[in-house]
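Q: With the sequence up front, the predicted model follows.
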Amino acid sequence: MNARTSAALAWGGVLLAGALWGGGALVAQFLIDGGIAPQSLSLARFALGLPLLWWLHWRAPAMPDAGWVDLTRRERLQMLATGAAMALNVSCWFAGIVHLGAALPTVISICCAPVIVALVSVLRGYERLGPRLVAGLLLALAGVLLLVMPAGGWGPLAPGHTAGVAWSLGSAFCYAMVVLGNARMPARVPAVAASAWGMTVAALCMLAVAWPSGITWPAGGAQWLGVGYTGVVTTSVAYLAFAWGARRLSPTAAVVGTLIEPLVAALLAAALFSQAMTPRQWGGALLLAGAMLLLVRRSKPAQSD
């Protein structure tokens, strides 16, 4: 597989993940509106996604020097820390929603994460700061803001907004750590193994968060089907696709690729619920596409399998 083909497949992986997360957002909203607590839904997503990941891990051909006992302490810690960051990302986001409602914490999280990823990547020497990186980042952030901005504006901030902003920034930082953890995962660690171990830690963390307040269960076949879908498709499959693609792209390109999540959610809402996209949202979609085109041309060479 040549470098161009591998890079194209890598972009396909992160874009697929973003698209599945966008569709999953609508399913998650349906489940939460039906009475499932957000923490319980997050626990279910991680827990129900685990069997598929571990099955794929056990079915995959054994790679030399890639078993758990063969990994260095740093490599094991990187996999486990990435999983913990997944759970902390969700927990911080929920805490921000308590103070600010859903819209503003979501914007802070998805818009600040690429900035954090880019800064860490440049400071650590993973990427070089150049015009394409800066332009791609600015276009992506502008596009996402246009996509998610409510028609009536954000409105006044609720009491406790300082704490809400702090939790939202914490969510952005944890998401950035998930991206960097996958993008810098050692090549000898298969993506499915890293995903299985990481999601196991995420499930245990969410169990610790959800258990004290009581776990809510789906009511009826439609809710069970929705929970199963979010666990298998929008968590297990999407995260595996992202983990595979992220390690073959620059960290900034990987995180920007997943920013199609709000675009897919908006398109599905327009198709399924007659919530037509506004001209402002279409403009945001074009800016996001332009950002991805810029970053495609500056992505690092793909790693070999």
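A: Noted; the coordinates are in hand.
Q: what helix or strand is residue 93 on?
A: helix 73-100 (DSSP states H and E).
Q: could you give me the average pLDDT of the next helix-or-strand element following that helix?
A: Remark: after helix 73-100, the chain's next helix or strand is helix 103-124, criterion DSSP H and E. Mean per-residue pLDDT for helix 103-124: 82.
Q: Show me what helix 103-124 is in contact with.
A: Among residues not part of helix 103-124, those counted as contacts by Cβ atoms under 8 Å, 6 or more residues apart in numbering are 89, 93, 96-97, 126-129, 133, 137, 140-141, 144-145, 148-150, 154, 157, 164-165, 167-169, 171-173, 175-176, 179-180, 250-252, 254-256, 259, 261-262. For the C-beta atoms, the positions are set from N, CA and C on the backbone; glycine is no exception.
Q: and that helix, how far out from the chain's middle?
A: 12 Å (Cα atoms, centre = their mean, to the nearest Å).
Q: same question, stretch 185-192
A: 18 Å.
Q: quick one: buried residues of the one helix or strand residue 284 maps to?
A: Under the criterion of DSSP H and E, residue 284 resides in helix 279-296. By neighbour count on 16 or more other Cβ atoms under 10 Å, the buried set for helix 279-296 is 281, 284-285, 287-288, 290-292, 294-296.
Q: Repeat that for stretch 122-139.
A: 122, 126-127, 133, 136-137, 139.
Q: cool, and stretch 77-87?
A: So, applying 16+ other Cβ under 10 Å, buried residues of stretch 77-87: 78-87.
Q: Out of those, which comes closest to residue 234?
A: Checking the buried residues of stretch 77-87 against residue 234 by Cβ to Cβ gives residue 86 as the nearest, at 13.3 Å.
Q: Please name the nearest non-neighbouring residue to that closest one.
A: residue 202 (4.1 Å; Cβ to Cβ, 6 or more residues apart in numbering).
Q: ok, and what's touching the helix or strand encompassing that neighbour?
A: Following DSSP H and E, one finds residue 202 within helix 191-210. With Cβ under 8 Å, 6+ apart as the contact definition, helix 191-210 has outside contacts at 37, 39-40, 42-43, 46-47, 49-50, 53-54, 56-57, 60, 66, 68, 79-80, 82-84, 86-88, 90-91, 181-182, 185, 235-236, 239-240, 243-244, 247.
Q: which ones among those residues are found in strands?
A: Using DSSP state E, no member of the contacts of helix 191-210 falls in strands.
Q: Can you select the buried ones from those in PyMOL?
A: Buried residues among these (16+ other Cβ under 10 Å), as a PyMOL selection:
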select buried, resi 37+39+40+42+43+46+47+49+50+53+54+56+57+66+79+80+82+83+84+86+87+88+90+91+181+182+185+235+236+239+240+243+244+247
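Q: Just the CA atoms of stretch 105-113, as CSV, please.
A: This file holds the C-alpha atoms of stretch 105-113, laid out as CSV (Å, rounded to 0.1, in the frame of the first residue of the first chain):
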residue,chain,number,x,y,z
PRO,A,105,-20.2,23.4,26.5
THR,A,106,-20.4,21.4,23.3
VAL,A,107,-19.0,24.4,21.3
ILE,A,108,-16.2,25.0,23.8
SER,A,109,-15.2,21.3,23.8
ILE,A,110,-15.2,20.7,20.0
CYS,A,111,-13.7,24.0,19.1
CYS,A,112,-11.0,24.2,21.8
ALA,A,113,-9.8,20.6,21.3
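Q: Would you mind listing the buried residues in it?
A: 105-113.
Q: can you map out the helices along the stretch 201-305 of the chain?
A: Taking DSSP state H, counting those that start in this stretch, the helices of the stretch 201-305 of the chain run over residues 221-231, 238-246, 251-257, 260-273, 279-296.
Q: hmm, back to that, give me the angle between the helix holding residue 284 and helix 103-124.
A: 20 degrees (axes from the mean of the first three to the mean of the last three Cα atoms, to 10 degrees).
Q: Which neighbouring elements make contact with helix 279-296?
A: helix 3-33, helix 131-148, helix 251-257, helix 260-273 (3 or more Cβ pairs under 8 Å, 6 or more residues apart in numbering; DSSP states H and E).
Q: residue contacts, the closest residue to residue 228 other than its chain neighbours?
A: Among residues not flanking residue 228 along the chain, residue 48 sits closest, at 6.1 Å (Cβ to Cβ, 6+ apart). Listed by Cβ under 8 Å, 6+ apart, the contact set of residue 48 reads 227-228, 230-232, 235-236.
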